[in-house]
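Asker: Need coordinates for the following:
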Amino acid sequence: MPATALSRVGASMVQSGPGGSQELAAGTWQKLEALPDPRSPRGRIYPLACLVAIALCAFTAAGNDRLTAVGQWISRAGQADLARLRAPWDPMAGRYRAPDEKTIRVVLDRLEPRALARALLGPRPDIRRGSGRPSASVRGYRARRAAQQAKALARDRLRSVAVDGKTSRGARRADGSRVHLLGVAEHGGHLLDHLEVDAKHNETSHFTELLGPVDLAGAVVTFDALHTVRANLDWLVTDKKAHYIAVVKQNQPLLHAQVRACPGGRYRSAAQPAAPGTAAPRPGP
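Answerer: Below you'll find the predicted structure:
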């Protein structure tokens, strides 16, 4: 949850106690204890309600809206303050344990902002009931969350790898030519294998040599237009039992024309812009 939002919530949930101490308003502990804990049950030291309560009190006491203020406040908190905030007791040290800033930051990042705001402040009044349309910030949050869920779902369904070649900066052979490497990596950055090729235009002749030892059954292989070669694509499907996404450019005029002539006329070159005042055509099924 953003520190600014939590700081504003704390202003209404924290009150000053005797001696200038910070205490939660009546009923706040019950609301915090009802929050779902996003952490794994294994290895928990501090209760979720304790960490959120410390953040609320620290923001209010420090008069700041940054998480660094939490770390500064908790480092100065006394044992009485930690006991009042229900910090766990350390029997070996004979004192209450104080969490560090990183522990609180990680928990706040994992908490769902709307769930925490509703738990502390109650349901938000519907001030736009007549419009029937959520605000732009809510729509943006929902869109980002849906995109993240779609990526996670796609990552779980299909394994994908990418083939690409790069010329090594500053590396040269004995004859002065630059070193060019062809590599295959999983989408996400994990390098599976690579080999040295003479030059970029020789990458296609090493395509099967690079991917031969790699298990590609059921995987999706992506590459640039240089590797859109019939022999390599047939080899991927028949020998490696893999799928592929091929890039087609006008350096293969026959294939390019066949793609452009697909039913519906909904395919066009990426370099060819849509006509003014018209929407770009969507890819066909």
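
Asker: What is the end-to-end distance of stretch 35-42?
Answerer: End-to-end distance of stretch 35-42 (CA to CA, to the nearest Å): 18 Å.

Asker: contact partners of that stretch?
Answerer: R44, L48, A49, V52, V107, R110, L111, E112, A115, L116, A119 (CB atoms under 8 Å, 6 or more residues apart in numbering). Quick note: C-beta positions are derived from backbone N, CA and C, even for glycine.

Asker: most surrounded residue in these?
Answerer: Comparing those by number of neighbours (other CB atoms under 10 Å), V52 comes first, having 29 neighbours.

Asker: Would you confirm that it contacts K31?
Answerer: No. Using CB atoms under 8 Å, V52 is not in contact with K31, being 9.6 Å away.

Asker: residue contacts, K31?
Answerer: A119, L120.

Asker: quick one: what helix or strand has it in it?
Answerer: Assessed by DSSP states H and E, K31 sits inside helix 28-33.

Asker: can you check L181 too?
Answerer: Using DSSP H and E, L181 falls within strand 178-186.

Asker: could you give the angle of the helix or strand just after that strand to strand 178-186?
Answerer: Using DSSP H and E, the helix or strand that follows strand 178-186 in sequence is strand 191-197. Counting by axes from the mean of the first three to the mean of the last three CA atoms, to 10 degrees, strand 191-197 lies at 160 degrees to strand 178-186.

Asker: which parts of the very next helix or strand once past strand 191-197 are buried?
Answerer: Sequence-wise, the next helix or strand downstream of strand 191-197 (DSSP H and E) is helix 207-211. For helix 207-211, the neighbour count (16 or more other CB atoms under 10 Å) marks F207, L210, L211 as buried.

Asker: V184 touches V163, doesn't it?
Answerer: Yes. Counting by CB under 8 Å, V184 does reach V163; the two are 5.1 Å apart.

Asker: residues shared between the contacts of those two?
Answerer: Common neighbours of V184 and V163 (criterion: CB under 8 Å, 6+ apart): L210, L211.

Asker: just the helices in the stretch 101-250 of the chain please.
Answerer: 101-110, 113-121, 136-157, 207-211, 230-238 (DSSP state H, counting those that start in this stretch).

Asker: Mind putting the ones you listed into a markdown table with distance to A93 and mean pLDDT?
Answerer: Shown next, in a markdown table, are those (distance: least, CB to CB, whole Å; pLDDT from 0 to 100):
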| stretch | distance to A93 | mean pLDDT |
| --- | --- | --- |
| helix 101-110 | 17 | 85 |
| helix 113-121 | 31 | 73 |
| helix 136-157 | 41 | 80 |
| helix 207-211 | 57 | 92 |
| helix 230-238 | 61 | 93 |
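
Asker: low pLDDT regions in the stretch 151-285 of the chain?
Answerer: For the stretch 151-285 of the chain, applying pLDDT under 70 flags the ranges 154-156, 264-285.

Asker: Tell me how far V214 lies from R44.
Answerer: Separation of V214 from R44 (CB to CB, to the nearest Å): 40 Å.

Asker: nope, T28 is what I was after
Answerer: From T28 to R44 the distance is 21 Å (CB to CB).

Asker: so what strands line up beside the strand holding L181?
Answerer: Strand 178-186 pairs in its sheet with strand 160-172 (antiparallel), strand 191-197 (antiparallel), by DSSP bridges.

Asker: For V248, find the nearest of those strands.
Answerer: Between V248 and these, the shortest gap by CB to CB is with strand 160-172, which sits at 16.1 Å.
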